[in-house]
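[1] all I have is the shape, not the residue letters:
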């Protein structure tokens, strides 16, 4: 009977899983912000910053509202690769900057914007609205559009973490207690 009970506790503790991991990997509808279905992506060369200003529209998952955004691609590259919120810039920063032509061309770019320029172009990705900068056909670097979680999701995860850690500690104790209890109960010195 003691052995069956110990095995039941061990099995139950493994069935629970790692609660802390579940808290941090869970995504709820509305937690994620990404480029909208039609982001109206525009890129501008910012030579004084040695960067590319990206303007686009983003939306919260499950919502229809589109929010205009702008950020500098190179400065935020690591944040974008790690799905963190970029450091946004004002969209007005595009005023006076040279547009970078897109392949395929965006409908709002004029022919004059396509003919003048630095030789930089951007090839759009059909899967995630990202883009690859090219210069005279040579690929320079790929940049995804931002994909990040809301501050509410981060707050919820931080608030739930202590409870998840306690649950995980209890699961580990449930795994370790039965073998120790069984060894103690069956030891000849007891």
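    Received, thanks. Fair warning: this is a prediction, and the values are worked out from it, not measured in the lab.

[2] hey, let's count contacts and neighbours off CA atoms from now on
    Will do.

[3] got the domain ranges for the chain?
    2-27+152-186, 32-149 (automatic domain parsing).

[4] what ranges do the strands span in this structure?
    Counting by DSSP state E, the chain has strands at residues 32-35, 42-46, 51-60, 66-72, 98-100, 102-103, 120-124, 131-135, 138-143, 147-149.

[5] kindly reformat the ones you listed as TSV containing mean pLDDT.
    Formatted as TSV, the strands of the chain follow (pLDDT from 0 to 100):
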stretch	mean pLDDT
strand 32-35	80
strand 42-46	93
strand 51-60	92
strand 66-72	94
strand 98-100	93
strand 102-103	84
strand 120-124	86
strand 131-135	89
strand 138-143	89
strand 147-149	81
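
[6] dump the ones you listed into TSV; add mean neighbour count and distance to residue 175 as well.
    Below are those laid out as TSV (neighbours: other C-alpha atoms under 10 Å; distance: least, C-alpha to C-alpha, whole Å):
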stretch	mean neighbour count	distance to residue 175
strand 32-35	20	36
strand 42-46	21	55
strand 51-60	22	41
strand 66-72	19	49
strand 98-100	22	59
strand 102-103	18	57
strand 120-124	22	51
strand 131-135	18	49
strand 138-143	14	45
strand 147-149	20	34
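
[7] how about the ones you listed, which one is nearest residue 178?
    Among the strands of the chain, the nearest to residue 178 by C-alpha to C-alpha is strand 147-149 (40.5 Å).

[8] list the residues that contact residue 76.
    Taking C-alpha atoms under 8 Å, 6 or more residues apart in numbering as the criterion, residue 76 is in contact with 86-87.

[9] ok, residue 79 - how many residues close by?
    17 (other C-alpha atoms under 10 Å).

[10] and it, what does it touch?
    Contacts for residue 79 were tallied using C-alpha under 8 Å, 6+ apart; they are 85-86.
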